[in-house]
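*Asks:* Return a 3D structure for these sequence lines:
(chains A and B)
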Amino acid sequence: MSKQKIALSINGKKVEPEVDTRLLLVHFLREQQNLTGTHIGCDTSHCGVCTVDVDGQSIKSCTTLAVQCNGKSVTTVEGLASGAVLHAVQLSFSQEHGLQCGFCTPGMLMRAYRFLQENPNPTEDEIRMGMSGNLCRCTGYQNIVKAIQRAAEMLRTQATETATV
Amino acid sequence: MITSGFDYHAPGTVAEAIGLLTSLGDEAKILAGGHSLLPMMKLRLAEPAHLIDLANIHELRGIQSQGDVIRIGAMTTENELINSTLIREKLPLLAEAARQIADPQVRNRGTIGGDIAHADPANDQPAIAMALDATLVLQGARGIRRVAAVDFFHGPYMTVMQADELLVCLEISSLPAGTGCAYRKLKRKTGDWATAGAAVVLQRSGDVITKARIGLTNVAPTPLRATAAEQLMVGKTLSPDLMNEVALQVRTICHPQEDLRGDVEYKTAMAGEMTKRAIGLAAARCF
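*Replies:* Okay, the predicted model is just below:
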């Protein structure tokens, strides 16, 4: 039996597909869910362009089977914004020019999104270490670091404002 | 890249997993974090007909103190080691090694059990396990047995594990007060395997070394314990001359593969250098 029925949620939406056991999560998202924001780069778990968020963890979807996500909650880059409101990392990458060709960007955004929840007040070194699973060939990383620093500030301000309400 | 086809099983208990391993034999491969196995399968270097996913087996998770012994479930991820207060307090060498393995995403999946049982000579935790005198607890159809880490590895991807056996956990004795450890891994970039790696555990009484362990990564078909080099240090005071002697002794047991990380001479020299750095750090950390 090399097909399996699984149940998972993707960007808040519940789906119950029947999938080949060998179907990679990245192919499932791109080809069966039409969520092409998650990219395929090295396909060998090094570059990070395939990074998504599974049950609160940054995961490389090229090295994960769809069946391993049975019962889990997956967030892709398409799920970052709330309607028309961009997430802080999306805003900050735009403001700080943290991208050029944009190919690595979804993976960067998904990792930054989770990293800032793991470490809301990071040093530059901690940002570089925290993002070390994501490669960029265009930018030289400095604007990516600035974008993450700016997003961290925005999120901390939001948190303070919410707390004082 | 796409793997060949397989049947997928996700047992809920160790007993179930052993039952599957017993009936499927060498047609089955165990899926732990999958970040060694799935890349191999995508390259068709491995084509198992069955995958046995250990993700749902709770017995394989968790880090507990049992008296003097720390029990680490085989499915403990590298990030769990890094984030564990118990590990940072009692066995910090494991967290230090984990921080030098792969990257944050891979560390959410890669497990200490998988790293050891897969027995890729380039994996880091095997040398760490040797340096910590770890015991590996195996369970199979015939029951439970314990194997010392130094006795576990036969060759590249080859261990003493039988087809029906699962690595369940590691048992490591707490390091006594006054122990310093360090892991120095030379690598070309973040996420790379070691050009050469050295794990050192030292105990001191004043300035005199009373116990030494040296584990080496990726300089032979298996991880190595440098017992002769260890003996050079015991009963002596550390000095630059002694460290050079130890490094030279370490180099005599290295026989690495030449690859893009370096030729045999370079990798061997770097094993010596990483050993010296790890000794220096470990000695400074003895309290």
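
*Asks:* Now do the residue in the stretch 151-287 of chain B that chain A sits nearest to, the pLDDT please.
*Replies:* Closest residue of the stretch 151-287 of chain B to chain A, Cβ to the nearest Cβ: residue B:190 (4.5 Å). Any C-beta I mention is one placed from the backbone N, CA and C, and that applies to glycine too. Residue B:190 is assigned 90 on the pLDDT scale.

*Asks:* what does residue B:177 give?
*Replies:* 83.

*Asks:* before we move on, what about the one 3 residues further on?
*Replies:* Residue B:180 carries a pLDDT value of 97.

*Asks:* what residues are up against residue A:48?
*Replies:* When contacts are counted by Cβ atoms under 8 Å, 6 or more residues apart in numbering or on different chains, residue A:48 touches A:41, A:60, A:104, A:107, A:108, A:111, A:133, A:134, A:135, B:103, B:105.

*Asks:* Which one of the residues you listed is nearest to residue B:34?
*Replies:* Minimum distance to residue B:34 across the contacts of residue A:48 is 10.1 Å, recorded for residue A:60 (Cβ to Cβ).

*Asks:* Number of residues surrounding the residue of the stretch 151-287 of chain B closest to chain A?
*Replies:* By other Cβ atoms under 10 Å in any protein chain shown, 15 other residues sit near residue B:190.

*Asks:* tell me the secondary structure for it?
*Replies:* Under DSSP: H, G, I helix; E, B strand; the rest coil, residue B:190 falls in the coil class.

*Asks:* Now do the phi/psi pair for whichever residue of the stretch 101-250 of chain B sits closest to chain A.
*Replies:* Per Cβ to the nearest Cβ, residue B:103 is where the stretch 101-250 of chain B lies closest to chain A, at 3.1 Å. Here is the backbone geometry of residue B:103 (degrees, to the nearest 10): phi -150, psi 170.

*Asks:* Next, find the distance separating it from residue B:259.
*Replies:* 21 Å (Cβ to Cβ, to the nearest Å).

*Asks:* Skipping its backbone neighbours, what lies nearest residue A:146 in space?
*Replies:* Closest residue to residue A:146 apart from its sequence neighbours, by Cβ to Cβ, 6 or more residues apart in numbering or on different chains: residue A:96 at 4.4 Å.

*Asks:* quick one: the one you found and residue A:141 touch, right?
*Replies:* No: counting by Cβ atoms under 8 Å, residue A:96 does not reach residue A:141; the two are 11.8 Å apart.

*Asks:* Get me the contact residues on chain B for chain A.
*Replies:* Residues of chain B lying close to chain A by Cβ under 8 Å from any Cβ of the partner chain are B:1-8, B:10, B:31, B:34-35, B:38-39, B:42, B:51, B:53, B:55, B:102-106, B:108-109, B:190-191.

*Asks:* and these, which are buried?
*Replies:* B:3, B:6-8, B:10, B:31, B:34-35, B:38-39, B:42, B:51, B:53, B:55, B:102-106, B:108-109, B:191 (16 or more other Cβ atoms under 10 Å in any protein chain shown).

*Asks:* Take these and keep only those in strands.
*Replies:* B:7, B:8, B:31, B:51, B:53 (DSSP state E).

*Asks:* who's in contact with the biggest helix by length in chain A?
*Replies:* Secondary structure assigned by DSSP state H gives helix A:142-164 as the longest helix of chain A. When contacts are defined by Cβ under 8 Å, 6+ apart, helix A:142-164 is touched by residues A:88-89, A:91-93, A:95-99, A:108, A:112, A:115-116, A:120-122, A:124, A:127-128, A:131, A:136.

*Asks:* Mark which of those are part of helices, please.
*Replies:* Going by DSSP H, the helices hold A:88-89, A:91-93, A:95, A:108, A:112, A:115-116, A:124, A:127-128 from those.

*Asks:* Got a quick ChimeraX command for the buried subset of those residues?
*Replies:* With 16+ other Cβ under 10 Å as the criterion, this ChimeraX line picks the buried residues out of these:
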select /A:88,89,91,92,93,108,112,115,116,127
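
*Asks:* hmm, back to that, just the pLDDT at the residue of the stretch 101-250 of chain B closest to chain A, thanks.
*Replies:* Note for residue B:103: predicted pLDDT of 98.
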